[in-house]
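Engineer: next comes the sequence, and after it the predicted model I'd like to discuss.
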Amino acid sequence: MNHLRDIRKRQGMSKWRLAREAGLNWKTIHRIERGEHAPFESSKETIASVLGVSVEEIFPAKEVAHIFIIEPRPIIEKRKSAKSKKNDLTGYLLDKNLRRCGNVQVRLISDRKKTLRVRSEADGRFTFKNVPAGSYQIASRFIALDIVI
């Protein structure tokens, strides 16, 4: 998680005021606080400067989750569904020490900006069912991975 909510409240600033001063939507601030949205580096820097703290104070590096593809046995697997021409996409979330991260929201974002969400299981495994072929971004917390199916 991040410390955005704690720092914002300590300074007596509302989500709406922070969003206005940072040039963001208040819903984006809300999702960042809940860990449902991974902001771009430029947004992190803007939020930190508005609050007068460093980026590391709000978004500690130790919480970063990684999504890896490793050959020859990829940690992201594509399996054709027997019923259709769609794929099941399975992968694992790992922290910086390569330990699996469970109960974390994972988003699959299509090139048309359609988003699917799932939570990783206790062992860090996540699965998106019946994904049509195309270009996607898998995102979780502070990391994103571009893939083509």
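Structural biologist: Right, received. Where do you want to start? Numbering: from 1, shown residues only.
Engineer: give me the domain ranges for this structure.
Structural biologist: Following automatic domain parsing, the chain resolves into domains at 4-62, 65-148.
Engineer: let's have those in TSV, adding mean pLDDT and mean neighbour count.
Structural biologist: Where C-beta positions appear, they are placed from N, C-alpha and C, glycine not excepted. Below are these laid out as TSV (pLDDT from 0 to 100; neighbours: other Cβ atoms under 10 Å):
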stretch	mean pLDDT	mean neighbour count
domain 4-62	89	16
domain 65-148	72	15
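Engineer: only alpha carbons, please: show the longest strand seen in the chain as PDB.
Structural biologist: Counting by DSSP state E, the longest strand found in the chain is strand 87-95. Extracted in PDB, the C-alpha atoms of strand 87-95 (Å, rounded to 0.1, in the frame of the first residue of the first chain):
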ATOM      1  CA  ASN A  87      -7.300 -17.500 -24.300                       C
ATOM      2  CA  ASP A  88      -7.000 -18.000 -20.600                       C
ATOM      3  CA  LEU A  89      -4.200 -15.800 -19.300                       C
ATOM      4  CA  THR A  90      -2.500 -16.900 -16.100                       C
ATOM      5  CA  GLY A  91       0.400 -15.400 -14.200                       C
ATOM      6  CA  TYR A  92       1.900 -14.600 -10.900                       C
ATOM      7  CA  LEU A  93       2.600 -11.400  -8.900                       C
ATOM      8  CA  LEU A  94       5.900 -11.200  -7.100                       C
ATOM      9  CA  ASP A  95       7.400  -8.700  -4.800                       C
END
